[in-house]
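Novice: Here's a sequence, model it:
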Amino acid sequence: MSAKPDNPAPGIGVLFVCTGNICRSPTAEGVFRARVAAAGHAARLRIDSAGTHGYHVGEPPDRRSVAAARKRGYDLAPLRARRLAREDYAAFDYLIAMDRDHLDIMRRGAKGGERDRVHLFLDFAPQLGEDEVPDPYYGEGDGFEHVLDLVEAASDGLLAHIVATHFPLGSSR
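Specialist: Numbers count the residues shown, from 1 in each chain. Here you go, the predicted structure:
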């Protein structure tokens, strides 16, 4: 979760968005970065995350998200929360909402064709039969593990979509 981009680097930009940018969206950022790197496309994509609200700007991800991710080999510790900025709509090709509330907020903030860039994350994993990544922050039990299960599946679907759409026919990495 870097500072908002003033001059975005080349490549396909993907921004994951949740409420405070300390649980779901940094988990999605970390998992997606790992999936993209494993597929050999790290140089072709820009990945970040943000929150619809500025509750936790500058803070690291929730310790429970960090611990659950670490168990699966993902490192979220270096990430820092930031708020969704107006400039993000132009800087990113995919603005990915974790739930319908985020989707609505993001679509209201989008102008014209920017709305086409806003997607619900679990739309990329229809096989799951769920449409929202639930907020584990106030929950108990395995909520953070469940978020990881959903995020891993949707990350694979999103990556497959991006590769098929932007890098067809196995074009060189």
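Novice: how about the helices in this structure?
Specialist: 24-38, 63-71, 88-91, 100-109, 143-166 (DSSP state H).
Novice: Nearest approach to Asp123 belongs to which of the ones you listed?
Specialist: Nearest to Asp123 among those is helix 143-166; the distance by CB to CB comes to 8.2 Å. (Glycine included, C-beta is placed from N, CA and C.)
Novice: Low-confidence regions, this protein specifically.
Specialist: 1-9, 169-173 (pLDDT under 70).
Novice: I would like the residues contacting stretch 48-57, please.
Specialist: Defining contact as CB atoms under 8 Å, 6 or more residues apart in numbering, one finds that stretch 48-57 is touched by 1-2, 4-5, 13-22, 25-26, 28-29, 79, 81-85, 88, 92, 101-102, 105-106.
Novice: re earlier: out of the helices of the chain, which one sits most buried?
Specialist: helix 24-38 (a mean of 25; mean count of other CB atoms under 10 Å).
Novice: Spatially nearest residue to Ala28, not counting backbone neighbours?
Specialist: Nearest residue to Ala28 in three dimensions, chain neighbours excluded: Phe16, at 3.9 Å (CB to CB, 6 or more residues apart in numbering).
Novice: Enumerate every residue touching the one you found.
Specialist: 24-26, 28-29, 32, 47-50, 96, 98, 121.
Novice: Is His119 bridged to anything, and to what?
Specialist: Under the criterion DSSP bridges, His119 forms beta bridges with Ile96.
Novice: Distance-wise, check it relative to Gly58.
Specialist: Distance, His119 to Gly58, by CB to CB, to the nearest Å: 27 Å.
Novice: Which one's more surrounded, the two?
Specialist: Remark: of His119 and Gly58, His119 carries more neighbours, 17 against 9, as counted by other CB atoms under 10 Å.
Novice: how near is Arg33 to Ser155?
Specialist: From Arg33 to Ser155 the distance is 9 Å (CB to CB).
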